[in-house]
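K.L.:
below are the sequence and a predicted model; questions follow.
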Amino acid sequence: VVSLCKELTNHGKVLYVSLEEGYSLSFQNTLKRFDMYTCGSRFQVIDSTTPEELIERISKPRSPEFIVIDSYQYMGMSYKEYLVFKRKLANKLLIFVSHADGKQPEGRAAKAVRYDAMLKIWVEGHVAFSNGRFFGPKAEAVIWRAGAWEYWSRKIKDNNSTFFYDYDKETEGDTEMAQE
């Protein structure tokens, strides 16, 4: 998620709502790993808020265009509250990180939000799989090539998975996941 935030700072301001981890050492290390300090004021972090406070904060002039909430469960919104929240922030891009139960969001409200979302991204084995209204059934992006290679190679051996990893590409950006 932080690597996505870094990319989004090229297009506007990002507010990362770190409700789950706060400013923990783990979160600080993640920010360092992605050199988020280079984003300056285009990347902001808060570790405590309510939906009402966030609406007030983001409704102000020159507020961030992109809001990442980590996690939906820690925000504590019902589905009805989410609909109000979304309507009041219709001019912002909202990204919710969610706990998962298998490959589904955890909790009834989070599952309802998933169906409302324009784009859903599932991350497994260092590969992000898109499933939404824009890209059709699937689009993939490798987040970390070596980690993906290790994970999916093991998965093939363990589960006779139909996925293979095209590791022979010369550039990292060209690496793709595919189905046989």
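P.N.:
Now that the structure is in, tell me what you want to look at. If you're wondering where the values come from, they're calculated on a predicted model, not measured in any experiment.

K.L.:
only C-alpha atoms for contact and neighbour calcs from this point on.
P.N.:
Will do.

K.L.:
name the SS class of Asn131, please.
P.N.:
Assigned with DSSP: H, G, I helix; E, B strand; the rest coil, Asn131 falls in the strand class.

K.L.:
sorry, wrong one. I was asking about Trp122.
P.N.:
strand.

K.L.:
show me where this protein has strands.
P.N.:
For the chain, the strands defined by DSSP state E occupy 14-18, 43-46, 66-70, 93-97, 100-101, 104-105, 119-124, 127-132, 136-142, 163-165, 177-179.

K.L.:
can I get those strands in TSV including mean neighbour count, mean pLDDT and distance to Tyr79?
P.N.:
What follows is the strands of the chain, written out as TSV (neighbours: other C-alpha atoms under 10 Å; pLDDT from 0 to 100; distance: least, C-alpha to C-alpha, whole Å):
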stretch	mean neighbour count	mean pLDDT	distance to Tyr79
strand 14-18	22	97	19
strand 43-46	16	97	23
strand 66-70	22	96	15
strand 93-97	17	92	13
strand 100-101	11	83	17
strand 104-105	16	80	13
strand 119-124	15	80	17
strand 127-132	18	78	20
strand 136-142	15	71	25
strand 163-165	16	48	35
strand 177-179	13	40	34
